[in-house]
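Show me the folded form of this:
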Amino acid sequence: MLTLLLYVLIVGLVAAMLFLVASAVFGRSEELGPLPEGTTATVLPADRITGADVRALRFQQVVRGYKADEVDWALGRLAERIDELEFELARARQWREQVSAGQDHS
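Below is the predicted model:
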């Protein structure tokens, strides 16, 4: 009888230790409040995002997260594309201003 009681006590202690370790690692399943609209958990401006903004992004590292090299590669590609689009948009705006200035002089 004493052996059975000791066995139950040891199993209970092991279960309690596993529960505490799991709680420390995975948290208590608390939900975070919603983020304000137009923002992100990382640092990014709400609008007018530039390639430099994307290049400056850094993600919190976690045990079961993404591979940093892959994230950096993707962010680099996005930054290049944003820079291309911003350049094309600036050229289009400049062209539109030249056309409208030419019409004003006519």
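
can you list the residues that contact the helix or strand bottoming out on mean pLDDT in the chain?
Lowest on mean pLDDT, DSSP states H and E among the helices and strands of the chain sits helix 51-56, with a mean of 83. Residues outside helix 51-56 that contact it (Cβ atoms under 8 Å, 6 or more residues apart in numbering) are 43-45, 75-76, 78-80, 82-83, 86. For every residue, glycine as well, the C-beta is placed using N, CA and C.

what's the helix or strand following it packed up against?
Going down the chain from helix 51-56, the next helix or strand is helix 68-105, by DSSP states H and E. On a contact count with 3 or more Cβ pairs under 8 Å, 6 or more residues apart in numbering; DSSP states H and E, helix 68-105 meets helix 51-56.

Could I get the CA-only coordinates of the helix it packs on as PDB?
Extracted in PDB, the C-alpha atoms of helix 51-56 (Å, rounded to 0.1, in the frame of the first residue of the first chain):
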ATOM      1  CA  GLY A  51      12.200  50.100 -49.400                       C
ATOM      2  CA  ALA A  52      14.400  51.400 -46.500                       C
ATOM      3  CA  ASP A  53      11.500  50.700 -44.100                       C
ATOM      4  CA  VAL A  54      11.200  47.100 -45.300                       C
ATOM      5  CA  ARG A  55      15.000  46.600 -45.100                       C
ATOM      6  CA  ALA A  56      15.000  47.900 -41.500                       C
END
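
Show me what counts as buried in it.
By 16 or more other Cβ atoms under 10 Å, the buried positions in helix 51-56 come out as 51, 54-55.

Same check on stretch 54-74?
So, applying 16+ other Cβ under 10 Å, buried residues of stretch 54-74: 54-55, 57.

With distance to residue 10 as extra columns, can I get the buried residues of helix 51-56 in a markdown table?
Shown next, in a markdown table, are the buried residues of helix 51-56 (distance: Cβ to Cβ, whole Å):
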| residue | distance to residue 10 |
| --- | --- |
| 51 | 59 |
| 54 | 54 |
| 55 | 55 |
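
Fine by me, thanks again.
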